[in-house]
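Visitor: sequence first, then the predicted structure, then my questions.
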Amino acid sequence: MNNAQLEIQLIASLVAIACAIPGTFLVLRKMAMISDAISHSILPGLVIGFFITQDLNSPLLILFAALTGVITVVLVERIQKTGLVKEDTAIGLVFPVLFSIGVILIAKNANDIHLDIDAVLLGELAFAPFDRIYLGQTDMGPKSLWVIGTILLITIGLLFAFFKELKLSTFDAGLSASLGFSPVLIHYGLMTVTSVTTVGAFDAVGAILVVALMIAPAASAYLLTTDLKKMLGLAVSFGVFSAISGYWLAHWLDASIAGSITTMLGLLFLVIYLFAPSKGLIAVIYREKQQRTEVSLLTFLLHLKNHTEENERHVNHLQEHINWQKVRAKTVLDLALKNNMILIDNDIVSLTQKGDEFTSKAIDYIITNEDAQIEDMKDDFFLFRG
Amino acid sequence: MDIQEYFSLVINDYTLRTITLGTAILGGVTGMLGSFAVLRKQSLLGDAISHAALPGIAIAFLITGSKDTNTLLIGALISGLIGTFWIRGIVTKTHLKSDTALGLILSLFFGFGMLLLTFIEKQPNANQAGLDKYLFGQAATLVESDVWLMATVTGLCLLVLLFFWKEFKLFLFDADYAKTLGFNTKFIDILITSFIVLAIVLGLQTVGVVLMSAMLLAPAAAARQWTNSLSTMVFLAAVFGAVSGVLGTAISASQNNLSTGPVIVIVASVFVVFSFIFSPSRGLLFRQIRFIANRRDLELQKTLAFMYHIAETHDNISHPHTIKILNNFQGYTRKTLQKLVDKGYVTLDGTMWSLTEKGFETAANLYNQQAIKDE
């Protein structure tokens, strides 16, 4: 591993951390698509900034682009406030227009600007180590490293300074407003950080990867925990993991680094989406299936309790009465039998003592609908599952 | 180049004719289907799908090795559909919200697509040049067979729309009701979504991945402002879409260095801005005018009510009073007084005013009428 490789991985990791922090809050605030809008609409800001400064390396350029990002957010909110279209339509209208303006500006002045739209969208991390900063004669390292490092430091500083406010306004905007923290200020603060991060990151990794690095680690982390601090930690580590493994994937395939990092993020999300305990797809489907069985069993027991007459309790009658398929009826019957809830005597089903008590409890719960009662019953349910 | 010259070019020049026809048809079909996306609050789905189509294009090329548009578009269609249904899977099965799901699929699929594209570029046998036209779209690469394909899909889409119109409409506005009536809502849902994906995939070659969402949204958002009827909206959106396509092509053809996609998007957004402002029923301009008119009406009524309460205390309702006692807290201005005179509610005599019979009656019923109207 040579120096350039190390630097690329370092830049990618820093970008991943810098994106994961605002990304977590965007996902929690249901504003993930705003990052997509910002990442596209900074283009005209960059171009206009370039016209003014005539220097692609000027820090003013970042400022201009970040400003365009904030303007995008304001525009979206303005359009939404007119009530003429919904929020998502407003987002979908604003950023393609701004992006188009940027594309046209570049195309019309192609001779003056060495700004390639491909590069804006996709970035080229592999070239990042060649664009270095020199202080006098000493090599201070790649420029992107400094840019993203500074942004990351500011982001972390803001995160520590305003963690409480951010947390409060994210989960309960009303409460935070009544306590005297301005949710609007926090909102625009977050939007500014998002814009600045996007701008700072995109020339290393491209606009689309910025979106992926903001949303995917946070979304993956959200499937694993509901604790904000843990979620931030997980998101950051997922980001760094994909950044480094993505780099080696790109190295191996000889393909775009940004694309490989995104692919690693995608694989990571896919695995977590499928296997996350309690919130992953498999866990959810399994739980839904269990709940379906529990409800069936309960329906069946209630039916038995309601009917004392024998013909209503005949094994064959149940099938048509509750309108179950044969297989399902048999499963439920077996399950109830296994748990000593029922007795079958001459094809006539009747509740046992235990079944009767259980059913009474269930009716109690259905009538009062108090959560405390279902807690005890849940233990009973676990018995059947075994 | 003047307009006449342009028209003769459209008719005689193969490239320009093809592009104009292609963008017009594309605008029409995306406008039509976009109406459904906008009304179902799935506006950003278009953005996600168009990005999600990219890996499909790359994989189709990797497998078949051909650059035939139809092959690549089938790949795009498949990966777009996978993206769409994965988004749905995320939203329904986990607690992640739709914005997160959209952003995830959009960026992850696109990134994967980029990985594949760069991978293909490095392949020794690749005649891959031209795959990246799907990124930003190049209307100039349209050929007649592409236009035929678009026309066929549009025709198919029209047929399906007409055939399932009632179901679509019901499903759009009250999905639960449609379900209780026994319609297969899942099927209708999949049908609409698949056609939206199809329209997006068709547009990739012309306007590209990034700008496709605007093609879907802008005509529909503009059309929405002019009508409350679904059929009118779909029709208007198709017209707006087609016109933006034609105008955009014309503008970009008239200048150097102007790619068609962005120009079409900007033309379409001009339609949106115009509709937002000038639509008679919902537009911002007329809304403001109505707002001001209402406020004037209210002030007039306030003055009248104030006069009524003074006149009430006298036996003769037309007993004259000085203008001075009217105060402007009650909405009194010289103008409102003049208006009341014009309406015949009040007569003026020097600095004195008196309520007429008609004015008294109106004032007495002022708030009753309001109550009746509210019921």
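Guide: Now that the structure is in, tell me what you want to look at.

Visitor: need the residue closest to the centroid of chain A.
Guide: The C-alpha lying nearest the average C-alpha coordinate of chain A belongs to residue A:219 (CA atoms, centre = their mean; 2.2 Å).

Visitor: show me the contacts for the one residue in chain A that gets nearest to chain B.
Guide: As assessed by CB to the nearest CB, chain B sits closest to residue A:262 within chain A, at 2.2 Å. For glycine as for every other residue, the C-beta is placed from the backbone atoms N, C-alpha and C. Neighbouring residues of residue A:262 by CB atoms under 8 Å, 6 or more residues apart in numbering or on different chains: A:208, A:209, A:212, A:216, A:246, B:107, B:108, B:110, B:111, B:112, B:114, B:115.

Visitor: please name the nearest non-neighbouring residue to the fifth one.
Guide: Leaving aside its sequence neighbours, residue A:246 sits nearest to residue A:261 (CB to CB, 6 or more residues apart in numbering or on different chains; 3.2 Å).

Visitor: which SSE is the one you found in?
Guide: helix A:257-275 (DSSP states H and E).

Visitor: again, but for residue A:44
Guide: Here residue A:44 is assigned to helix A:32-53, by DSSP H and E.

Visitor: what about the helix or strand just after that helix, distance to the chain center?
Guide: Beyond helix A:32-53 in the direction of the C-terminus, DSSP H and E gives the next helix or strand as helix A:59-81. Helix A:59-81 has its C-alpha centroid displaced from the chain centroid by 23 Å (CA atoms, centre = their mean, to the nearest Å).

Visitor: list the buried residues in helix A:59-81.
Guide: Applying a neighbour-count criterion of 16 or more other CB atoms under 10 Å in any protein chain shown, one finds A:61-73, A:75-76, A:79-80 buried in helix A:59-81.

Visitor: check stretch A:229-238 too.
Guide: A:231, A:232, A:234, A:235, A:236, A:238.

Visitor: OK, contacts around whichever residue of chain B sits closest to chain A?
Guide: Nearest residue of chain B to chain A: residue B:111, at 2.2 Å (CB to the nearest CB). Residue B:111 makes contacts with A:208, A:209, A:212, A:258, A:259, A:261, A:262, A:263, A:265, A:266, as judged by CB under 8 Å, 6+ apart.

Visitor: most neighbours out of those, which is it?
Guide: The most crowded member of these, judged by other CB atoms under 10 Å in any protein chain shown, is residue A:212 (37 neighbours).

Visitor: would you confirm that that residue contacts residue A:265?
Guide: Yes - with contact defined as CB atoms under 8 Å, residue A:212 counts as touching residue A:265 (5.4 Å).

Visitor: shared neighbours of those two, which are they?
Guide: B:108, B:111.

Visitor: taking helix A:59-81 as reference, get the angle to the helix holding residue A:44.
Guide: Computed with axes from the mean of the first three to the mean of the last three CA atoms, to 10 degrees, the direction of helix A:32-53 lies at 140 degrees from that of helix A:59-81.

Visitor: buried ones in helix A:32-53?
Guide: Applying a neighbour-count criterion of 16+ other CB under 10 Å, the buried positions in helix A:32-53 are A:32-50.

Visitor: circling back to that earlier point, out of the contacts of residue A:262, who's nearest residue B:60?
Guide: Minimum distance to residue B:60 across the contacts of residue A:262 is 14.0 Å, recorded for residue B:112 (CB to CB).

Visitor: rewinding a little: could the buried residues of stretch A:229-238 go into TSV alongside distance to chain B, secondary structure and pLDDT?
Guide: Supplementary listing: those in TSV, determined by distance: CB to the nearest CB, whole Å; DSSP: H, G, I helix; E, B strand; the rest coil; pLDDT from 0 to 100:
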residue	distance to chain B	secondary structure	pLDDT
A:231	12	helix	94
A:232	16	helix	95
A:234	14	helix	95
A:235	12	helix	95
A:236	17	helix	95
A:238	13	helix	95
